[in-house]
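> Pasted the sequence and its predicted model underneath.
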Amino acid sequence: MIPIFSIYSQDIKRIVTNWVALVIISGLAILPSLYAWFNIKASWDPYGNTEGVAIAVSNLDEGATILDQQINIGDQIVDSLKSNKKLGWTFVSEDNALHGVQHGDYYASITIPKDFSKKIATVVTDEPTKAEIVYHVNEKINAIAPKISSKGASGIIEAVSSNFIKTANGTIFKIFNELGIELEKELPTIETVKNYIFQLERSFPEIKRILNVSLDDINEAEKIVKKSQVAFPTVTKMVKEGQRYSNDLNDFMAKSEKIYDELSPAIKQDFLALQEMAHSGRQFIGSINFSDIGQSSKDFTQFHQRLETNRQITEGLISVLTRLQDFSSKKIFENEINQLNQVRHHLLTLDHTAKNIHDKVLSHDVTVDQLICDFNDTAYSLATISTNMVNRFDSNIKPKINQSIQHAKTSLNKATVILNEANQAIPHVEKILEDAAKGVQMGKGEIKAIQTRLPYLEKKITQIANDIRQFEDEADIGQIIELLKNDVQKESNFFAEPVILKEHKFFPIPNYGSAMSPFFTTLALWVGALLLISLLTVEVHGKEGEFKSYQIYLGRLLTFLTIALIQSLIVTVGDIYLLKAYVVDRLWFVLFGLFISAVFMIIVYTFVSVFGNVGKALAIVFLVLQLAGSGGTFPIQVTPAFFQAINPYLPFTYAISMMREAVGGILWDIVHKDVFYLIIFTALALLLGLALKNPINRTAAKLIKKAKESELIH
């Protein structure tokens, strides 16, 4: 041990006493930190400054008229973008936009065609046409900017779609609300008329009994008739209220026509929304850029939101078709409801499968092929069902909707007819009572005449009462009122945005630079080791045979380790206190850096100590492989198979993992695993240096001597 520490102490003494060596080695200690600091600072918050990404916008929309209202959705889009600071929106003509994209003045351009609003307005026609927004992008300018600009374009589409759904649903629910409120106001009148008719129906046996008794006792009949005449003002009041209710009910029927006309287009629009979701879902996985973990996470989150929106649309369609089916008293929508239940199941399955894929991507699990296959199968099934329903809408579903609506209309018409008949029948009853009073005076013959006319009137009133009962059996007017009078704004807002994302982050890191500090710090430590072995010699120049091979190896290694640990201290402490990088466990960040720097230094030093200049080349090759194969920037799962295969055998893999634990929050089972593998790398390097340095150095001596004779290789 004495020779080993003798070499080490002499090295330290030479450094301290030779000011040139001290300056050079001080520079070597600081240089790696500059490499890390500049890279971390440069990538501090790249996605927070996207307002500098210039996107040209050209609005050619000429506007349109929908439901007697002038609209220009292109102008609405431009107004919203002017207050949007996420990207550098620039509003120019179409020619200037295309020229600017081609020549690199803009990263991309968005053109709103002149028929944009007109196509949106076709939603109220029998053949709705989807509107288009034209997107041009110049991908040669920058690799990342097209992804950012593409998200801006898709965000516009989503905003327009959400606003359109909110507006369309708001109009429909407003009409429903007005009719529900009007019907609720008239509900007491409806109940009063119904009760009067039922009361009159129950009174007929008594009337007949009285007439029969009047044949035997004319005087008693006279008293009964007089009592009936005294009570008849109540019946007269019933007639007037019934007449007013009949008029109100006719007004309600006229207003209902607007709902019936707008219900089928609204339902068809929801079917088209499901079809669009199904087809876009089939393309979703293929469009994901797994190399950008942050962006892919946003994509999965947005896809989850779209799935939730369409699941709510599906729930709404099931509810509406169930209501319509209740009107018809037959299960005419049973097939469609079953298919919508399948759509809901597929949407939930897609959401669950997408979440599993996302979780595996985040955990660097490469076994996602089967999940992607399952995702595509489910998306295909969803597309098949939704396309089938859209294709059958006009020929099959819409007629059944109209049939159910017509059935509801018929039921309401029956109610109107019943009330009108009641209005016509009540005066006849009054006349009969007047005739009965006269009949009492005119004798038994007149009473018999009244008895002859009474069955017809009884039959008429009974028919009216039975019609009312049948109407109540087929439809609950209370449920209809509750359905129609829901809050317009709340219903519209709900369908526009039925789900709000509640996000929870494990180990949150506030900026991109701090998130990249583990990679750049680890890289700087390896670069520092390379600088040391490039400028400092690994051999000890003394008397021949003064030191043994292993003594030289270990003695000089202590010198290199000392400088490497100083490099690590400067880098890690500078990350925390100079750059203000976010680090949860600061002490462990520094300690992990020291440990990693020692491991790297032993590996690189061993390469050069054993193999000479060839070892320097090996250290550089090892660095190149680790840059791509360690998963430091992109997830390892998105790299080629070769790099995925070598990933477990690279020191960077475990060094970066350790530093990430210190930055985000330590899970000690992960740290223990990383330390274990780094110790294995260290042990292998020490074994190589101690066992092979002497034989390999002797074997390579002649080759080195010959190479030096070229005066090109040192």
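It's in.
> Residue 461: neighbour count?
Number of residues near residue 461 (other C-beta atoms under 10 Å) recorded here: 22. Yep, even glycine has a C-beta here, placed from its N, CA and C like the rest.
> what pLDDT does the nearest residue to residue 63 once chain neighbours are set aside get?
Nearest residue to residue 63, sequence neighbours excluded (C-beta to C-beta, 6 or more residues apart in numbering): residue 72, at 3.7 Å. As predicted, residue 72 sits at a pLDDT of 84.
> Residue 72 contacts residue 66, correct?
No: contact criterion C-beta atoms under 8 Å: residue 72 and residue 66 do not qualify, at 11.0 Å.
> Distance of the residue nearest to residue 63 relative to residue 120?
The gap separating residue 72 from residue 120 is 10 Å, by C-beta to C-beta, to the nearest Å.
> list residues touching both of the two?
Listed contacts common to residue 72 and residue 120 are residue 64; contacts here mean C-beta atoms under 8 Å, 6 or more residues apart in numbering.
> More neighbours: these two, which one.
Per other C-beta under 10 Å, whichever of residue 72 and residue 120 has more neighbours is residue 120, with 21 against 16.
> now do the same end-to-end measure for stretch 636-650.
Length of stretch 636-650, first residue to last, C-alpha to C-alpha, to the nearest Å: 12 Å.
> Give me the buried stretch members for that stretch, please.
636, 637, 638, 639, 643, 644, 646, 647, 650 (16 or more other C-beta atoms under 10 Å).
> OK, contacts around the fourth one?
Counting by C-beta under 8 Å, 6+ apart, residue 639 makes contact with 628, 629, 631.
> what's the answer for the last one, then?
The contact partners of residue 650, taken as C-beta under 8 Å, 6+ apart, are 625, 626, 629, 630.
> What values do phi and psi take at it?
The phi/psi pair for residue 650 (degrees, to the nearest 10) reads phi -110, psi 130.
> so what's it closest to, chain neighbours aside?
With C-beta to C-beta, 6+ apart as the criterion, residue 650 has its nearest non-adjacent residue at 4.9 Å, and that residue is residue 626.
> Quick check, that neighbour in contact with residue 526.
Yes: look at residue 626 against residue 526 with C-beta under 8 Å: they come within range, at 7.4 Å.
> Between those two, which has more neighbouring residues?
residue 526 (26 against 23).
> Which pLDDT does the model give the more buried one?
We have a pLDDT of 94 for residue 526.
> Relative to residue 604, how far out is it?
Residue 526 sits 7 Å away from residue 604, going by C-beta to C-beta.
> okay, now the domains of this protein?
The chain breaks down into these domains under automatic domain parsing: 2-44+511-708, 53-152.
> where among these is the average confidence lowest?
domain 53-152 (a mean of 79).
> Show me the contacts of residue 639 that map onto helices.
Within the contacts of residue 639, residues falling in helices by DSSP state H are 628, 629.
> Closest to residue 552 out of the contacts of residue 639?
Distance to residue 552 across those (C-beta to C-beta) is lowest for residue 629, with 32.7 Å.
> secondary structure class for the spatially closest residue to the closest one that is not a sequence neighbour?
Excluding the flanking residues, the one nearest residue 629 by C-beta to C-beta, 6+ apart is residue 643, at 4.0 Å. Classification of residue 643 using DSSP: H, G, I helix; E, B strand; the rest coil returns helix.
> picking that back up, between the domains of the chain, which one is closest to residue 463.
With respect to residue 463, and counting by C-beta to C-beta, the nearest of these is domain 53-152 at 41.2 Å.
> And the helices in the stretch 501-650 of the chain?
Listed in chain order, the helices of the stretch 501-650 of the chain (DSSP state H, counting those that start in this stretch) span 512-535, 549-573, 586-611, 613-629, 641-646.
> and the ones you listed as CSV, adding distance to residue 275?
Shown next, in CSV, are the helices of the stretch 501-650 of the chain (distance: least, C-beta to C-beta, whole Å):
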stretch, distance to residue 275
helix 512-535, 38
helix 549-573, 55
helix 586-611, 52
helix 613-629, 42
helix 641-646, 37
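> so which of the ones you listed gets nearest residue 666?
Closest among the helices of the stretch 501-650 of the chain, once you apply C-beta to C-beta, is helix 586-611, at 6.3 Å.
> which secondary structure elements does that closest one contact?
Applying 3 or more C-beta pairs under 8 Å, 6 or more residues apart in numbering; DSSP states H and E, we find helix 586-611 packed against helix 512-535, helix 549-573, helix 613-629, helix 651-664, helix 668-708.
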